[in-house]
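K.L.:
predicted structure and sequence below. I'll ask about it afterward.
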Amino acid sequence: MKLTLAVTGTLLLSVAILFLNLGHWLSAPANEPAKADLIVTLGGGSGERDQMAVDLYKAGYAKNILLTGLGGTVDSGQSFYQSSSSLFLIKQGVPAEALLFDGLSVNTHQEALNLAILLTAHHWHSALVVSDPPHLRRINFCLQPVFKKAGLS
């Protein structure tokens, strides 16, 4: 009986430690940025993603920025869409013609599929994705297979 309680207690403690550290595992470190055909700012966040996109754009990492997570029926990359993100980017000096939009995707997997279609349609080969550390592993899990299949990076 005492052994069973000790094993159960140890197991519960181990599960609790794993649960508490899960966020650290999910928070993959960001890679160093590399020049790409497109900067992709995933929807959500508190504006830090938009600022990072501006910084990357101004540093010359890409000539266009795709904004996702707009929630609507924005046709990918076809026309200007007024959102707080797009208005912020323009106010920071990014020209409106450098902005593309994806309001069709409702999850990361759809963003990966629609991004691959957009890149292929423009004959682009690479994207620099901006998000927050807790989302990076999930983004990698969704993007890697889609991009590998399409020959993208």
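P.N.:
Right, received. Where do you want to start?
K.L.:
tell me which residues in the helix or strand hosting residue 51 are buried?
P.N.:
Using DSSP states H and E, the secondary-structure element containing residue 51 is helix 48-58. Within helix 48-58, the residues scored as buried using 16 or more other C-beta atoms under 10 Å are 49-54, 56-57. Using the backbone N, CA and C atoms, a C-beta is placed for each residue, glycine as well.
K.L.:
and that helix, how far from the chain's centre?
P.N.:
Helix 48-58 has its average C-alpha position 13 Å from the chain's average C-alpha position, going by C-alpha atoms, centre = their mean, to the nearest Å.
K.L.:
and for it, what's in contact with it?
P.N.:
33, 39, 41-42, 62, 65, 85, 88-89, 92-94, 98, 128, 130-132 (C-beta atoms under 8 Å, 6 or more residues apart in numbering).
K.L.:
tell me the buried residues within those residues.
P.N.:
By the neighbour-count criterion of 16+ other C-beta under 10 Å, the contacts of helix 48-58 include these buried positions: 39, 41-42, 62, 65, 85, 89, 94, 128, 130-132.
K.L.:
what about those, which are in helices?
P.N.:
Helix and strand membership here follows DSSP state H; of these, those in helices are 85, 89.
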